[in-house]
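K.L.:
Build the 3D model from these lines:
(chains A, B and C, ligands or ions: 1)
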Amino acid sequence: MSFDDFINSGLNNFQRQAVECDTPAALVIAGAGSGKTRVITARIAYLILKKYADPTSIVALTFTNKAAGEMKERIAKFLSGSKRLPFVGTFHSYCLLLLRRNPSLVPFANFSIMDSDDQVDLIKKIINKNGLQKKISANQATYQLSTYKNNLLVRNMEEFVNPLIREIYQEYESEKSEAHCLDFDDLLFQVLQLFRKNEEFKKTFQQKVRHILVDEYQDTSHVQHELLKLMSLDSEKKFNLDSVCAVGDEDQSIYSWRGATVTNMLSFQSDFAPVKVVKIEQNYRSVKPILELANELIKNNRLRNPKNLWSDRPAKNRVVSAYCRSSEQEADTIARFIQACAKSKKLDEIAVLYRTHFQSRQIEEALMYYSIPYKIIGGLQFYERKEIKDLLAYMRLVANPFDKLSLMRAINCPSRGLGPKFEQELLDEWGKNPFLDFKQILELLKNDETNVKKLALEEFLNVFKGLEAKQFPAYCLENIVNHTDYYGYLRRNFDDREAETKVENVKEFINATLLYESKYAVTEAFDNLEAVFEEQRTPTLENFLYEIALLQEKLEKTKDVARVQLMTLHAAKGLEFNTVIISGLNDGVLPSSKSLNTNDELEEERRLFYVGITRAQEYLLLLNAYARNSFGQIVEQVPSRFLSELPTSLCYKVDVEKLHSVEVTMLWQEWIGGGLDTQPIVLTFGRSNRLLSNLNEPVEMVRQANHERVHYTARPAHPEPCRRKPVEGFERFRKKSNEYPHKEFESASPKPSVESISERSYGGWKTGCAVRHDKFGQGVVIKVEKASEKDFYLTVAFKIGQKKLLSSFVKRV
DNA sequence: TCCATACTACTTTTT
DNA sequence: GTAGTATGGA
Ligand SMILES: Nc1ncnc2c1ncn2[C@@H]1O[C@H](COP(=O)(O)OP(=O)(O)OP(=O)(O)O)[C@@H](O)[C@H]1O
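P.N.:
Take a look at the predicted model:
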């Protein structure tokens, strides 16, 4: 389709207004799936093709690399053939680009970028050094530090700051700058400072860049908003670009925990006034039942502006909510569902979404068991693996010989007798001579060491002989691997299977560097670095390190076989799939147990669920389980409170827990396999034939919002499926109301075979003491068992019956 | 200094 | 269940 055709037929009136908007500032506020991203892409194409804007004068900022990738693809379609492409990427990657374009303005010429692991490692070191372990965990400190840093730049928050954090902050910053490292926050800060302090820099920037577009504005941080202001306004706060266009949706704000500020949407309107505000209410992505479900859910949030999002894609029987007995069954059910889908859909049109990464493991296991190809987005990333990070440390040292953190990582890996004691010497020495690079320091130290250590140091330094930042990355990496005998080290230190996977990973790493080199050879204009100076466009080690710093995924050839995508709800933002599976709809998982304290947090969890639902185009499967493995223990679960907010008329509930696995497959085949879109199909389930058309009829509420009514007892992880009276047809799958899920197991289930130690008191927990649980109310402890040093299992008699739970879940009364 | 063993804490979410 | 740390003996 030509772009003209697209403008005429591929956009509705409102979208077109935003795309063709001539006022300098435009803001699109619109619900999920209403084509906001489409507006951004179309506007970029419009500016280039209709307004003859130089592509390199356009900057499009997205929230994630994945979103950037998709947008690039869409734009490239409109601009087929053109080698000059606009910048599309995250705020962070754009800031990195600016810093690299202006090496003379950066505090250190060759800096390393710390990822979050490096950050936590450094903070942990500082905490341990100052004996603060007892007071704060490294993860907590990292999080608070980032918040502190972000606030520092924009407004003064000194008095509210945890003094501990300020202390750590000082040391963290100085360690970082001695090592010539920047963390993710620094990338934004450095550029922010450039804009604030360097008029020349700002002038050059505004001469070159004329249009800025920002996606997902509701999740931009204060710093990012500030940055946008500095980029677009002159010193008199007058608009100084040709256009700025942002799009966003308050209902999809899910990143407040990392500093996202929804009110940026309002600030945008005042800071860039006059702003043309465009609202879009039609959803093009989802079929009606799915959209209505999402609308009903989000209505429960009080802190929002009501919207009237509608879809004109009628459909029936599109949402099923499955109640599983355990997380294993949940995973198995997902796998069987995907199997049933695979007959009519491509696997990459299906996504499994979850709240936290650890949930992916069980799902993975099930998918492997059924040989379903899948791909995990996020989670433990390729470049976060230990073996890769070790080698990266060597590479980083080549590019940045001041990188203390990398040196500490590399020096004794593979182990060469240079342990913590030597590390301390090294740190002391370096502290005295901060302007020497690591080779000079090590040469210095070599003189007063024993022979064994001398040799070890010699060996270590030899690895770097002849390696330079301007060489090809693959050459450097292969040299490092060979000179350190890295494969040998892996085989010596890990058992066969583990060693082999690690060796494989290293080989893949080498492949990735080779691929990176060839990519440069093939396409002259490497889109991301399109506007970088020529010498920065050669595939050097240095450039490779910058390229991967903000990328977690490894560079892969082309899209290979279609695979089911597994990711967190956060990572799914901005994406869409034919079929979406959301697993783990239990209180404590979604909403997360850490977000139950305040209403704000709870509403963000609800938005997260909303984002998940609105990723689906055609089918939506929701799952929860009555038991879940966490920390190697089976913990009872209650269905998510959000499930009770979904109208039953839109959501078909199934008691999967009562089905045999074969029946589960039949269930899915009947739901999906028949091609419900085109014609009503005749079911051939069991002995009876039956139309599926009544799938969507209202049912009585099954599990009430007040979970107190539901009665649970401890039961084995895999109870035998219970025997049911056969029910005719598909209807038999529908969850019965008022039927307690585990009535059958209550008497049958063996009592936990842990010896009673109820007479004893453990950690202050005593039988007979009164406790309060958030949901189950008051109760009395009948049994105490040790779970760990600090945690205990309490068997508590509540009004609703006995429950066994971790002591951390109850309060003493 | 290295290794084996025991014991803890651990799970949000991302650039 | 596992990664990371603490301890103690070789
Ligand atoms: N005018 C239109 N006509 C037909 N399809 C459209 C139109 N606008 C958008 N779409 C389609 O609707 C879907 C959602 O669009 P898009 O991803 O741009 O929405 P969005 O507002 O960015 O969504 P979200 O906020 O949920 O990420 C896409 O598949 C897109 O192709």
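
K.L.:
Going along the chain, name the helices of the stretch 351-500 of chain A.
P.N.:
In order along the chain, the stretch 351-500 of chain A carries the following helices (DSSP state H, counting those that start in this stretch): A:360-369, A:386-399, A:404-410, A:420-432, A:438-446, A:451-463, A:473-483, A:486-493, A:496-522.

K.L.:
Just send those helices back as CSV, with mean neighbour count, mean pLDDT and distance to A:Gln637 too.
P.N.:
(Each C-beta comes from the backbone N, C-alpha and C, glycine too.) Converted to CSV, those look like this (neighbours: other CB atoms under 10 Å; pLDDT from 0 to 100; distance: least, CB to CB, whole Å):
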stretch, mean neighbour count, mean pLDDT, distance to A:Gln637
helix A:360-369, 18, 91, 13
helix A:386-399, 23, 88, 33
helix A:404-410, 23, 84, 40
helix A:420-432, 14, 78, 43
helix A:438-446, 17, 83, 51
helix A:451-463, 15, 81, 51
helix A:473-483, 20, 90, 46
helix A:486-493, 16, 81, 39
helix A:496-522, 16, 80, 33
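
K.L.:
Out of these, which gets nearest to A:Lys288?
P.N.:
Ranking these by distance to A:Lys288, with CB to CB as the measure, places helix A:360-369 first at 28.7 Å.

K.L.:
Where does pLDDT dip in the stretch 651-800 of chain A?
P.N.:
Along the stretch 651-800 of chain A, the parts satisfying pLDDT under 70 run over A:673-733, A:736-800.

K.L.:
contacting residues for the closest residue to DNA strand B within the stretch 201-350 of chain A?
P.N.:
When you check the stretch 201-350 of chain A against DNA strand B by CB to the nearest atom of the strand, the closest residue turns out to be A:Trp257, at 3.9 Å. The contact partners of A:Trp257, by CB atoms under 8 Å, 6 or more residues apart in numbering, come to A:Glu604.

K.L.:
what about stretch A:635-653, near DNA strand B?
P.N.:
No: with CB under 7 Å from any atom of the strand as the criterion, DNA strand B is not reached by stretch A:635-653; the gap is at least 9.9 Å.

K.L.:
Please spell out which residues along that stretch are buried.
P.N.:
Neighbour-count burial for stretch A:635-653, counted by 16 or more other CB atoms under 10 Å, picks out A:635-643, A:645-646, A:648, A:650-653.

K.L.:
and of these, the nearest to DNA strand C?
P.N.:
A:Val635 (11.5 Å).

K.L.:
ok, the closest residue to that closest one other than its chain neighbours to DNA strand B distance?
P.N.:
When the adjacent residues along the chain are set aside, A:Val635 lies closest to A:Arg628, with 5.7 Å between them (CB to CB, 6 or more residues apart in numbering). Using CB to the nearest atom of the strand, to the nearest Å, we find A:Arg628 at a distance of 9 Å from DNA strand B.

K.L.:
Equivalent analysis for A:Leu11, please.
P.N.:
In terms of CB to the nearest atom of the strand, A:Leu11 sits 28 Å off from DNA strand B.

K.L.:
quick one: pLDDT of that residue?
P.N.:
The score at A:Leu11 is 92. That number is its pLDDT.

K.L.:
Would you mind listing where the stretch 1-150 of chain A has pLDDT under the threshold?
P.N.:
When the per-residue scores of the stretch 1-150 of chain A are filtered using pLDDT under 70, the ranges that remain are A:81, A:83, A:133-134.

K.L.:
how is chain A carved up into domains?
P.N.:
The record, using the TED database to delimit domains, assigns chain A the ranges A:3-106+A:188-282, A:112-179, A:319-373+A:561-673, A:384-513, A:769-812.

K.L.:
Give the full set of residues in contact with the residue nearest the centre of chain A.
P.N.:
What sits nearest the mean C-alpha location of chain A, by CA atoms, centre = their mean, is A:Ala571, with 4.2 Å. The neighbours of A:Ala571, taking CB under 8 Å, 6+ apart as the test, are A:64, A:66, A:377-378.

K.L.:
Look at A:Val561 and say how many residues are nearby.
P.N.:
Taking other CB atoms under 10 Å as the criterion, the count of residues near A:Val561 is 9.

K.L.:
which residues touch the closest residue to A:Asp234 other than its chain neighbours?
P.N.:
In this structure, A:Asp234 finds its nearest non-sequential neighbour in A:Asn240, 4.2 Å apart by CB to CB, 6+ apart. Contacts for A:Asn240 were tallied using CB under 8 Å, 6+ apart; they are A:206, A:232-234.

K.L.:
The residue of the stretch 201-350 of chain A closest to DNA strand B and A:Gly379: what is the separation?
P.N.:
Note on A:Trp257: its distance to A:Gly379, by CB to CB, to the nearest Å, is 18 Å.

K.L.:
and A:Arg628, that's in a strand?
P.N.:
Yes: A:Arg628 forms part of a strand when assessed by DSSP: H, G, I helix; E, B strand; the rest coil.

K.L.:
how near is it to DNA strand C?
P.N.:
13 Å.

K.L.:
Touching, that residue and A:Cys324? I think so.
P.N.:
No: counting by CB atoms under 8 Å, A:Arg628 does not reach A:Cys324; the two are 9.8 Å apart.
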